[in-house]
Structure formats: C-alpha cells, structure tokens
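In: With the sequence up front, the predicted model follows.
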Amino acid sequence: MITSHYVIDHYTEPNSTYTILSNKIKLGQLVFNIQEKAFEIVNLKVLKAIVAFEKGNGVDRIYYPIPLNPKWLTKVFHFEVKRLNVHYMHVFTSKVHGLKIHEQHNRYYIAYTIREKVALANQMKGVQVAKPQILYVHELMDQLYLLKREQIEIKESDLANINKCFSEELKKD
C-alpha cells in the first residue's frame, strides 16, 4: 500500500495525504476506533483492518488518525502552554521532551526552522525556509523520535488512562 505518488497539494493541504493511512502509522502508535469510540494501539490486527479497508475489500473504515489538540499536548505528552500575544500564537514547551510546538490558527508547527538552499535553472538562488507541521498525534510521536531519538511506548495501562481522560469528548461524538 505504500505509495510514493506526491503532488504539491500534499504540502499545501497535508490532510489530503491521509486517504491512505497504512503508510503513515507504525505499530505501537495510536488510532481512533470509530465503532468502539475509543483510542487503540496499532497492532497487527488493527493494521490488517486498515489495509483491508484501503484495498477496497468491502470493509468499513473503522480506524482514523487522531488530530493533535492542546489537550493531547498538555495531558498526554506533558507540554506546558504559554500565550504569546505579540505573535498571536500559543507555545507548548516540554521540559520532558526538550521540544517546543507553536500553535497558530489551530495548526501546530515544530519550533525548528529547516533551511534548504534552492537553485532554479542556475538563474535564481535562495533559501527555502519551513517549519514542520504536525496534524496528528502519531506525527508528534514520529517527530519526537526523529528529532530527539525518543521512542514513546504506550502500554495498555497508559491507553486506559488516555481513554478515561478523553471519555467526555468521546461520548459527545
């Protein structure tokens, strides 16, 4: 199911890349089970159900990525939040993970600036600057590993606490 088909729309509207979930998540990460209205750890059974849906085997879609929000950052990943009125953003800081995340207009960005030298047809030279955007919880887990070499392992007891923490929101949906 892994595909390398990429278009510029995936950069400008990254949600469009989530039509296929199986190449985005890894074993041990979290997804939302729409039938059970609960978060689950991705195991082989869950991954098999995701792939069956993506292959079009007549299976309903059960699992969805979990959108990142302030509650996930503060309650689950232990970030502290501070409002920067001058920049119209919230800054989430984690002393545990040694990472900052900026939130502007309900979008989350890692507080790292990536600079890439660009040369177009030997006529124009410059630098492209970007901050990685995080849409979902599993992406935050990936970034923590990529940037800090910090593997987050979620146990069944952790999962029970997470589902309890979000139980009110899950009942509303």
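Out: Happy to help now that I have it.

In: burial measure for the residue nearest to residue 114 when sequence neighbours are not counted, as a count.
Out: Closest residue to residue 114 apart from its sequence neighbours, by C-beta to C-beta, 6 or more residues apart in numbering: residue 130 at 5.1 Å. Every residue, glycine included, has its C-beta placed from N, CA and C. Residue 130 is flanked by 12 other residues according to other C-beta atoms under 10 Å.

In: just checking, residue 130 touches residue 110?
Out: No. Between residue 130 and residue 110 there is no contact under C-beta atoms under 8 Å: 10.2 Å.

In: what sits against the closest residue to residue 66 other than its chain neighbours?
Out: Excluding the flanking residues, the one nearest residue 66 by C-beta to C-beta, 6+ apart is residue 137, at 4.2 Å. Taking C-beta atoms under 8 Å, 6 or more residues apart in numbering as the contact definition, residue 137 lies against 29-30, 65-68, 72, 76.

In: mind running it again at 6 Å?
Out: 30, 66, 68, 72 (C-beta atoms under 6 Å, 6 or more residues apart in numbering).

In: how much space is there between the residue nearest to the spatial centre of the chain and residue 57?
Out: Centroid check for the chain by C-alpha atoms, centre = their mean gives residue 136 as the closest residue, at 2.4 Å. Going from residue 136 to residue 57 by C-beta to C-beta, to the nearest Å gives 24 Å.

In: ok, now residue 170?
Out: Noted for residue 170: a distance of 28 Å to residue 57, by C-beta to C-beta.

In: Which one's more surrounded, these two?
Out: residue 170 (15 against 8).

In: Let me know the secondary structure of the residue nearest to residue 119 when sequence neighbours are not counted.
Out: Residue nearest to residue 119 in three dimensions, not counting chain neighbours: residue 125, with 5.0 Å by C-beta to C-beta, 6+ apart. Classification of residue 125 using DSSP: H, G, I helix; E, B strand; the rest coil returns strand.

In: wait, isn't residue 125 in contact with residue 116?
Out: No. Using C-beta atoms under 6 Å, residue 125 is not in contact with residue 116; the gap is 11.9 Å.

In: can you confirm residue 102 is in a strand?
Out: Yes. Remark: residue 102 belongs to a strand, assigned using three-state DSSP.

In: What is the burial count for it?
Out: 17.

In: how about the nearest residue to it, chain neighbours excluded?
Out: Using C-beta to C-beta, 6+ apart, the closest residue to residue 102 is residue 109 (4.7 Å).
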